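Peer 1: Have a look at this prediction, sequence included:
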Amino acid sequence: MGGNDPSNQGGAGLISTPPDVNQNLADAEMAYKKNSYGEARYSVQQAMLGVELEIGNRILKSLPESVVGLPKMQRKIK
């Protein structure tokens, strides 16, 4: 372990579609109004995950095609 080659190369366990931020915030608000704080917390967490994934995707798209002549690696998720 601890090598430079990650073991999860096929995308197993990775989220392919981010959670719907607006829907999760609406769900959190409804759960909060019903005093279901655990559900509200979960919905807020899912909304935050959606935001984080969108930020990550935008960062990846902004990276250059090559650095010092080395091309970026393209890994296809099955």
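Peer 2: Yep, that arrived. Numbering: from 1, shown residues only.

Peer 1: The helix or strand harbouring Ala26: what's the following helix or strand?
Peer 2: Counting by DSSP states H and E, the element that carries Ala26 is helix 21-33. Proceeding C-terminally, helix 21-33 gives way to helix 37-62 as the next helix or strand, assigned by DSSP H and E.

Peer 1: Can you give the distance from that following helix to the centre of its chain?
Peer 2: The gap between where helix 37-62 is centred and where its chain is centred comes out at 6 Å by Cα atoms, centre = their mean, to the nearest Å.

Peer 1: same for it, what does it pack against?
Peer 2: In this structure, helix 37-62 makes packing contacts with helix 21-33, judged by 3 or more Cβ pairs under 8 Å, 6 or more residues apart in numbering; DSSP states H and E. Quick note: C-beta positions are derived from backbone N, CA and C, even for glycine.

Peer 1: where does this protein dip in pLDDT?
Peer 2: Counting by pLDDT under 70, the chain contains low-confidence residues at 1-16, 74-78.

Peer 1: Need the residue closest to the centroid of it.
Peer 2: With distances taken as Cα atoms, centre = their mean, Leu53 lies nearest the centre of the chain, 3.0 Å away.

Peer 1: Roughly how far does that residue sit from Pro18?
Peer 2: 4 Å (Cβ to Cβ, to the nearest Å).

Peer 1: what's the answer for Ser62, then?
Peer 2: Separation of Ser62 from Pro18 (Cβ to Cβ): 17 Å.

Peer 1: Of these two, which one has the most company?
Peer 2: When neighbours are counted by other Cβ atoms under 10 Å, Ser62 and Pro18 differ, and Pro18 comes out ahead with 15 against 7.

Peer 1: Can you name the residues that contact Leu25?
Peer 2: By Cβ atoms under 8 Å, 6 or more residues apart in numbering, the contact set of Leu25 is Ser43, Val44, Ala47.
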